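Colleague: sequence unavailable; structure follows:
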């Protein structure tokens, strides 16, 4: 009796809501995958059960890979994500260290400034930014993204790492300093090795933020070969009123896979990065 | 002199750091500012300057292929007389308010469900974060197909359950289109709330619940008097972050509706984009984008103060 009772409570409190949320969360991905595998006759046939695939085909994947610049977009996206994340991580760590460790005039102002900068959305700046990128001659070059993505990645990395550096005991650096290490050496050889989990969190998070960016890429990149995946998919697989649904879905699946794979390897670091800003200890 | 300087030189050689530059770097303020300089200069050049430049553009009649003339506050005054601007304002507040409330409730519920013991918890948590990880534009493509006028899977389900004879055109009707973009936004945003709140729930000491239970507190009383007070600071921060992102959202609406039908889902960001990039009215567009700033500033200030205080 007790057994059935607890099972009933557990079903009600755990399994049912969990199943409900999982269904909601995963359905759009299932839908993406199923649609991408349907031949057009099936895709646009209202009599079939749309949740199933009767004659799966890879034709849309072949189409996306061969008829569009999709591979090029993927390379562009990954390249920009890696370069901007590394750059932002280095500059962010350099900025975070003194903010977490030393006393100097202007420290509070810089800390607030960096926090505020992280919160300024791209949608507030895109019009002047487009003009600046034009003036610098960077339109239709991936450099336009390398220059603009750190505007939101550096503040994020700095903010996250500031918290992380603060959690490392001061005594370790003090011991190194007494042994004759310079400030720079204490940072690079003592603190940074201990901060590797924090650096990984910041990197993974920055990487996904960079992959997700759309507005700047949409405005700055108008040539097909230098587009990123989201912009390429929207700009070239929707032509006027014609939606290439099969290829759109195939592109969505292919574009999501690299992010999901990298994420799955570092879930713990990602979660740590996600919660670091909001939760303490 | 020579004898005195020898240990120093020896130390310098051993650590590979001789000379006056190294000594200057030992000065706390010099070291700190040298480390900060690249990031601060970059942010001044690519955030502070564009911001000020944007302020200037918003006070000109700059348009594609035309030189700018200073017009003062004319763009902002024109906005207040433009019914479309007020509709966009209302849309943005409805979108932000509706989506935030749903994300908060859904995220809290999911966090509470996840805060129980069960097998494969980490894998489940990883699955729940997927909507947050996958680039928004790509999942928006899936949502676009879910809401398709002819092939909507939601309508297929509704029709087959016998609830309606013919499904509605989700993105064709103004109110339904707003509901649709809010649903997509909530779907993407819930993981952020849930995972952050879950992390906060796990920091609540178990003995607090035990003590409350011994004192005769019912489960709902424990929730109100133990869980909620503990979650409050995290809830505040997560909600403020989410409000900022939702208020300034662009991608989802741009992909799903482009602001239509007839402006029904246009937000500040998409409206500014349509004016500036579509119609080439850069000055007017900049004034729309900047209209986001006062409400955002309030939230940003609150959040920065809050973060500073809890430091």
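Modeller: Structure's in. What do you need? Since the structure is predicted, the reported quantities are computational estimates derived from the model, not experimental observations. Residues are numbered from 1 along each chain as shown, chains lettered A, B, ... in the order given.
Colleague: please make it C-alpha for all contacts and neighbour counts, starting now.
Modeller: Fine.
Colleague: phi, psi of the residue of the stretch 51-200 of chain A found nearest chain B?
Modeller: The minimum distance from the stretch 51-200 of chain A to chain B, using Cα to the nearest Cα, falls at residue A:95 (4.4 Å). In terms of degrees, to the nearest 10, the main-chain angles of residue A:95 are phi -80, psi -40.
Colleague: what about the closest residue to it other than its chain neighbours, distance to residue A:150?
Modeller: In space, and not counting its chain neighbours, residue A:95 is closest to residue B:36: 4.4 Å by Cα to Cα, 6 or more residues apart in numbering or on different chains. Plainly put, residue B:36 is 15 Å away from residue A:150 if you go by Cα to Cα, to the nearest Å.
Colleague: what's the burial count for the residue nearest to residue A:95?
Modeller: When neighbours are counted by other Cα atoms under 10 Å in any protein chain shown, residue B:36 registers 22.
Colleague: so it touches residue A:100, yeah?
Modeller: No: using Cα atoms under 8 Å, residue B:36 makes no contact with residue A:100, being 11.7 Å away.
Colleague: low-confidence stretches in chain A?
Modeller: Chain A contains residues with pLDDT under 70 at A:1-3, A:277-281.
Colleague: centre-most residue in it?
Modeller: The centre of chain A sits closest to residue A:208, judged by Cα atoms, centre = their mean, with a distance of 1.2 Å.
Colleague: just give me the neighbour total for residue B:34.
Modeller: Residue B:34 is flanked by 15 other residues according to other Cα under 10 Å.
Colleague: does it sit in a helix, a strand or a coil?
Modeller: Counting by DSSP: H, G, I helix; E, B strand; the rest coil, the backbone at residue B:34 sits in helix.
Colleague: from residue A:276, how far off is it?
Modeller: 26 Å.
Colleague: kindly report the same for residue A:232.
Modeller: Relative to residue A:276, and taking Cα to Cα, residue A:232 is found at 33 Å.
Colleague: surely residue B:115 and residue B:201 touch.
Modeller: Yes: Residue B:115 is within contact range of residue B:201, at 7.2 Å (criterion: Cα under 8 Å).
Colleague: which one of those two has more residues nearby?
Modeller: Set side by side, residue B:115 and residue B:201 show more neighbours around residue B:201, with 21 against 16, by other Cα under 10 Å.
Colleague: please list all residues in contact with that one.
Modeller: Residue B:201 sits next to B:111, B:112, B:115, B:227, B:230, B:231 when contact means Cα atoms under 8 Å, 6 or more residues apart in numbering or on different chains.
Colleague: ramachandran coordinates for residue B:295?
Modeller: As for residue B:295, its main-chain torsions (degrees, to the nearest 10) stand at phi -60, psi -40.
Colleague: and residue A:242, by the same measure?
Modeller: Main-chain torsions, residue A:242, degrees, to the nearest 10: phi -90, psi 120.
Colleague: where does the stretch 101-250 of chain A get nearest to chain B, residue-wise?
Modeller: The stretch 101-250 of chain A approaches chain B most closely through residue A:212 (4.4 Å), counting by Cα to the nearest Cα.
Colleague: quick one, what contacts the residue nearest to that residue when sequence neighbours are not counted?
Modeller: Here the nearest residue to residue A:212 in space, its sequence neighbours aside, is residue B:135; by Cα to Cα, 6+ apart that works out to 4.4 Å. Listed by Cα under 8 Å, 6+ apart, the contact set of residue B:135 reads A:208, A:211, A:212, A:213, A:230, A:256.
Colleague: dump these to JSON lines, plus distance to residue B:141.
Modeller: Converted to JSON lines, the contacts of residue B:135 look like this (distance: Cα to Cα, whole Å):
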{"residue": "A:208", "distance to residue B:141": "18"}
{"residue": "A:211", "distance to residue B:141": "16"}
{"residue": "A:212", "distance to residue B:141": "14"}
{"residue": "A:213", "distance to residue B:141": "15"}
{"residue": "A:230", "distance to residue B:141": "10"}
{"residue": "A:256", "distance to residue B:141": "12"}
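Colleague: burial measure for residue 41, as a count.
Modeller: Chain wasn't specified; assuming chain A. Residues near residue A:41, counting by other Cα under 10 Å: 9.
Colleague: I was after chain B.
Modeller: 12.
Colleague: let me know the average pLDDT across the one helix or strand it maps to.
Modeller: For residue B:41, the element it lies in under DSSP states H and E is helix B:28-43. In this model, helix B:28-43 carries a mean pLDDT of 93.
Colleague: any buried residues in that helix, and which?
Modeller: Across helix B:28-43, burial judged by 16 or more other Cα atoms under 10 Å in any protein chain shown covers B:28, B:29, B:31, B:32, B:33, B:35, B:36, B:38, B:39, B:40, B:42, B:43.
Colleague: do the same with stretch B:270-284
Modeller: Neighbour counts over stretch B:270-284 (16+ other Cα under 10 Å) mark B:270-277, B:280-284 as buried.
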